[in-house]
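> let's see this in three dimensions:
(chains A and B)
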Amino acid sequence: MTKKWLPAIAVLALGASLVACGSDSSSDDAAPADDTMVTEDTMAPSDDTTAPEATGAGWESNFTPWTADAAPVNCGPKEGEPLKAAWVYVGPINDGGWTQAHNEGRLSVQETFGDKIVTTYKENVPEGDQTAQVIDDLIADGNTVIFGTSFGFQDAFAAAAEKNPDICFEFATGFKSAPNLSQFYGSAEDTDYLTGMAAGFASKTGKLGILAAFPIPEVIRGVNAWTMGARAANPDAEVKLVWTNNWFDPALERKTAEALIAGGADVIGVKSQDSPASGDAAKAAGVPWAGYDSDQSENYPEVWLTATTYHWDVYLTPRIQAVFDGTWVAGNYYGDLEDTFIRLAPYGKLVTEEARAAIEAKKAEFIKAPGSMFTGPLNDNTGKEVIPAGKQATYGELMAQNFLVEGVVGEIPAS
Amino acid sequence: MKSPVRLERRLEQPKWLNWAIPLISLLAALAVGAIVLLLTGKNPLDVYHRIFERGFLSTRALTGTLRTATPFAFTGLCAAAAFRLGVINIGGEGQLYMGAIGASYAGLVMGDSYPVGIVIIAMVFAGMIFGGMYAGFVGLLRAQFNTNEIITSLMMNYIAGIILNYLIFNSLSYWRDPRSAGFPSGKPLEKRAFWPSYEIAGVGISFGLILATFVAVAVWVLYKRSRFGFEIGIIADSPRAARYIGIRTKTTIVLVTALSGALAGIGGASQVGDFTHNLDAKGLQLNNFGYTGIVVAALARLNPLGAIVVAILLGGLTNAGYSLQGPDFPSGLVGTLQGLILFTAVAGEILMKYRVKRNTAAKKAMVAS
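Residues are numbered from 1 along each chain as shown, chains lettered A, B, ... in the order given. The predicted structure follows:
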């Protein structure tokens, strides 16, 4: 008998340890933030009555080549042939969010350059080894410009860039660089802040909820900006934060939003979730909803507030032109409200005139000074000062942001 | 209600069925697929040509196919090994994650100091042990408490996913790359811990696939030629009879389930060693290797050697699928086509055991008697 039980006990022990380990990971709830800190004066009205309108020009000023005197990568088409460019998507092109916006960028490029370009895409591409294979396949098909749009593709893109020095690689939301690998993204924190303002104005109880994808700086910045916006509208507002650990999972997003509403949130926001599914939960509960990365004002008119939207063509069109001109060099692009890469979606009917005026005033500030909400004094949600008075977070600090501002009820795991 | 045809159990299964039915299934699948393609305005011949071209007809295509096939082979073996005993282990997915966790641990700990061969062997064994023990727990619950292993193994897939997320996204674990402070990812292995790959006639073959082939042979020998395999056959047919003649049914269930999980665990080790070279928490979960393994096992009729062949075919089909899709070929259509081929192939199985008979009054009377 003992012999028979030996493996069994060993297995049981491991199983028990694993179960214990698993339960640790669900402890996402943070200690509630203390309310002792003075809210900064983010609502100072702009005294500039002729607020600058976004011009759509000047994307170049947001683009920095990795090296100053880099030689252009010649990934243009052969004489008389069209340029072949490809996009690799992690989700489906009709996800109603992230991938859809990228695909609209692709279609816009196709339209702008017409016969001169042949664009293609691969959707639902899983991260991991398959990404590398899909890139290989696209290169074998003659594509010389390849766009990646999911953070998890980055290693495969960096490896492919090293292996194929004559192919131009463009990557959204990453950080790795190579002579033929660019990074492009934008200052979504500005519009996230404005979206948060709309949410703050819409909340009656001051208890808001936000679901967010992964605790990485890009997402953390958005959650922070959103919360600061909400608190600009309502200084007592608290934002309950739940991480989903998923970019695109409509069922999970909806469930998470339902849980937030059940927990007392009277406005729901999302950050870096690629589907509008949380809007369904908000609609069912009749709770105002601030979306993310797509204009859903027509699909959710009853609950819609506004959202951050990305307009990838602002960057894509001049970059493709550079390929044709033989001037393409790799670098980093961080778009903003000024060059219209980042925009605020149309307001819903739940956004009052008062709220709109306040949001527009703040928007005018951000057009002139992107990212300026992260100016000290700024405390995190444990009361520790993270940005000293008078200092504004640098680009590098924004890219590494690893704290939650006061007002966020939640925590960054592993910090 | 009278159906014009009925299924009649075959008393014997002629040898020719073994190749005729898969062939007919495939042709039927292609025919149904052709209708779908014609309805969506595509030329089926062009599409099929492209599938074969991009799946199998060049050294580059074959290299890719074998890469994609490698995890399918292991999860296919995992499912086949358990199903043969009648234990429906659908936890290959989670067992593969655990194998990846174990193997990346071994690779990270030993990668910079031990000889290359030792590191690789350690990774394989760590994958086996982690995957095997994770599955063994399912087997233990089944053997001791008669819990439904379909449910427990499925649920444990989700737990394994949460463990992966915990290790990479929600904690500063040993597996997480500290340099990826803001952007969580697995700690990369030392180059020395990378598994080798071989090139035969221009086709790259991963160490993992070669290992899978050897493992498949070993599993085949174990099931067909050993006393243990003989006992497994008896338990699968009749657990009561097995107990009556003194076979230690419970131990066997635990061992076989653990073996099944160990096979998926090597698959996880191979993901780390052959391909991603770190613990890729997101990538592992997005690929559904474990669930694909169930399809592999079913198509291979639970034959371990067949699982390798089917895995390669499915690898080609998967890669060709990515190759096909684009603006004029939505991924939904690719999925429909792949689904049709797999469905028809599995459906054809029924003809192995049954034959279709026309319903006539005379035959009915015979059956009724």
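> from now on I want contacts and neighbour counts done on CA atoms only, so please keep to that.
Fine.
> in stretch B:110-122, which residues are buried?
Going by neighbour count (16 or more other CA atoms under 10 Å in any protein chain shown), the buried part of stretch B:110-122 is B:110, B:111, B:116, B:119, B:120, B:122.
> now render the residues you listed as a markdown table, adding pLDDT and distance to chain A.
Shown next, in a markdown table, are these (pLDDT from 0 to 100; distance: CA to the nearest CA, whole Å):
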| residue | pLDDT | distance to chain A |
| --- | --- | --- |
| B:110 | 93 | 22 |
| B:111 | 87 | 20 |
| B:116 | 90 | 23 |
| B:119 | 95 | 22 |
| B:120 | 96 | 19 |
| B:122 | 97 | 19 |
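> would JSON lines of these with secondary structure and distance to residue B:15 be doable?
As requested, the buried residues of stretch B:110-122 are exported to JSON lines (DSSP: H, G, I helix; E, B strand; the rest coil; distance: CA to CA, whole Å):
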{"residue": "B:110", "secondary structure": "helix", "distance to residue B:15": "50"}
{"residue": "B:111", "secondary structure": "coil", "distance to residue B:15": "50"}
{"residue": "B:116", "secondary structure": "helix", "distance to residue B:15": "46"}
{"residue": "B:119", "secondary structure": "helix", "distance to residue B:15": "45"}
{"residue": "B:120", "secondary structure": "helix", "distance to residue B:15": "42"}
{"residue": "B:122", "secondary structure": "helix", "distance to residue B:15": "43"}
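> count the residues that sit near the residue of the stretch 51-200 of chain B found nearest chain A.
When scored by CA to the nearest CA, the stretch 51-200 of chain B has residue B:171 as its residue closest to chain A, at 4.0 Å. Look at residue B:171: counted by other CA atoms under 10 Å in any protein chain shown, it has 18 neighbours.
> which SS class is it?
What DSSP: H, G, I helix; E, B strand; the rest coil gives for residue B:171 is coil.
> mind pulling the model confidence for it?
The model reports residue B:171 with a pLDDT of 84.
> what do you get for the one 4 residues further on?
Listed pLDDT for residue B:175 reads 94.
> and it, how far is that from residue A:271?
If you measure residue B:175 against residue A:271 using CA to CA, to the nearest Å, the figure is 27 Å.
> so which of those two has more stuff around it?
Higher neighbour count among residue B:175 and residue A:271: residue A:271, with 26 against 22, using other CA under 10 Å.
> contact residues of chain B facing chain A?
Within reach of chain A by CA under 8 Å from any CA of the partner chain, chain B has these residues: B:64, B:68, B:133-134, B:136-137, B:140, B:159-160, B:162-163, B:165-166, B:169-172, B:182-184, B:251, B:254, B:275-276, B:280, B:282-284, B:286-287, B:322-323, B:325-327, B:331.
> secondary structure element holding residue B:93?
Taking DSSP states H and E as the criterion, residue B:93 maps to helix B:92-110.
> following the helix or strand harbouring residue A:254, which helix or strand comes up?
Using DSSP H and E, residue A:254 maps to helix A:250-262. Using DSSP H and E, the next helix or strand after helix A:250-262 towards the C-terminus is strand A:267-271.
> hmm, back to that, what comes up buried for the helix holding residue A:254?
A:250, A:253, A:254, A:255, A:256, A:257, A:258, A:260, A:261.
> poorly predicted segments of the stretch 151-300 of chain B, please.
Applying pLDDT under 70 to the stretch 151-300 of chain B flags residues B:180-182.
> how about 80 then?
Filtered on pLDDT under 80, the stretch 151-300 of chain B yields the residue ranges B:179-183.
> what segments of it are helices?
Using DSSP state H, counting those that start in this stretch, the helices of the stretch 151-300 of chain B run over B:207-225, B:227-237, B:239-244, B:249-270, B:281-286, B:289-299.
> I'd like those laid out as a markdown table, including mean neighbour count.
As requested, the helices of the stretch 151-300 of chain B are exported to a markdown table (neighbours: other CA atoms under 10 Å in any protein chain shown):
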| stretch | mean neighbour count |
| --- | --- |
| helix B:207-225 | 19 |
| helix B:227-237 | 18 |
| helix B:239-244 | 15 |
| helix B:249-270 | 31 |
| helix B:281-286 | 22 |
| helix B:289-299 | 25 |
